[in-house]
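>>> Curious how this folds, go ahead:
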Amino acid sequence: MLMDDSSIIVQLIQKIAKDDEQAFAKFYDHFYSTIYRFTTYFVQCEDINREIVSDVFFNIWQSRKKLPEVENIRAYLYSAARNRAIYYLKQRKVYPVTETDNIPITIVTDNETPENILLNNELKKKIRESVEMLPEKCRLIFLMAKIEGLKYREIARILSISKKTVNAQMVIALKKLGKSIGDYLSAMT
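Below you'll find the predicted structure:
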């Protein structure tokens with residue numbers, strides 16, 4: 001796997017534009033899991049997600065000559081995956097439900113007693129449930145920011161919304177999560 005070094009990615013893109021299949025294979029390997037994980041925010045079927053990601057990369061290969069013109073390849077890939085997933089959902093008149101079961105949550109404690117482990121597991125479950133209770137668009141933006149590590153401007157570009165909307169949705173998400181988890185922790189003490 002490649003380091004997330006933009007100069008290496010730029011070199012790969014330049015080689016891909018010149019029909020270098022090995023460079024494309026490296027590019028594919030580097031971005032596949034990230035784009036696949038992103039499609040799971042829209043579609044919860046593994047086979048369909050693999051098909052969506054394959055379509056995205058097939059289209060990248062088909063338009064490889066224009067690839068060097070893309071300013072932000074990550075945002076471009078996310079946008080392409082989002083558009084393809086939404087197209088799939090519209091074709092089947094299905095609406096996205098973002099799963100939160102795979103959110104990595106780490107709670108660090110000084111003392112790993114069985115009681116602390118149990119309490120930490122319960123807290124992780126509550127955090128996931130709280131994220132699940134967020135409105136769909138708010139949850140998607142929260143996951144894109146916190147799990148995918150995207151910047152607000154990237155999220156705005158990918159979802160075709162303003163940066164202010166992304167910021168407002170994150171404020172809503174953090175307030176709701178803070179209240180929900182705060183209420184839970186208060187009830188435990």
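>>> any low-confidence regions in the chain?
For the chain, residues meeting the criterion pLDDT under 70 lie at 1-5, 93-111, 116, 188-189.
>>> how about the helices in it?
For the chain, the helices defined by DSSP state H cover 6-17, 21-39, 46-62, 73-91, 114-132, 136-146, 152-159, 163-188.
>>> so what does the longest one touch, helix or strand wise?
In other words, helix 163-188. Here helix 163-188 touches helix 114-132, helix 136-146, helix 152-159, going by 3 or more C-beta pairs under 8 Å, 6 or more residues apart in numbering; DSSP states H and E. Using the backbone N, CA and C atoms, a C-beta is placed for each residue, glycine as well.
>>> what's the answer for the fourth one, then?
Using 3+ C-beta pairs under 8 Å, 6+ apart, the elements in contact with helix 73-91 are helix 21-39, helix 46-62, helix 152-159.
>>> and these, which is most packed in?
Each of the helices and strands packed on helix 73-91 was scored by mean neighbour count; the highest is helix 152-159, a mean of 20, by mean count of other C-beta atoms under 10 Å.
>>> Give me the helices and strands touching it, please.
For helix 152-159, the packing partners by 3+ C-beta pairs under 8 Å, 6+ apart come out as helix 73-91, helix 136-146, helix 163-188.
>>> which of these is buried the deepest?
Each of the helices and strands packed on helix 152-159 was given a mean neighbour count from mean count of other C-beta under 10 Å, and the largest, a mean of 21, is that of helix 136-146.
>>> chain center to that one: distance?
Put simply, helix 136-146 sits 8 Å off its chain's centre (C-alpha atoms, centre = their mean, to the nearest Å).
>>> re earlier: can you list the helices and strands packed on helix 152-159 in JSON lines and add distance to F27?
Supplementary listing: those in JSON lines, determined by distance: least, C-beta to C-beta, whole Å:
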{"stretch": "helix 73-91", "distance to F27": "9"}
{"stretch": "helix 136-146", "distance to F27": "21"}
{"stretch": "helix 163-188", "distance to F27": "27"}
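>>> Please identify which of these is closest to N120.
Closest approach to N120 among the helices and strands packed on helix 152-159 is made by helix 163-188 (11.8 Å; C-beta to C-beta).
>>> so that closest one versus helix 152-159, what angle?
Here helix 163-188 points in a direction 110 degrees away from that of helix 152-159 (axes from the mean of the first three to the mean of the last three C-alpha atoms, to 10 degrees).
>>> quick revisit: distance to Y184 for the helices and strands packed on helix 73-91 - can I get that in a markdown table?
Conversion of the helices and strands packed on helix 73-91 to a markdown table gives the following (distance: least, C-beta to C-beta, whole Å):
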| stretch | distance to Y184 |
| --- | --- |
| helix 21-39 | 27 |
| helix 46-62 | 32 |
| helix 152-159 | 27 |
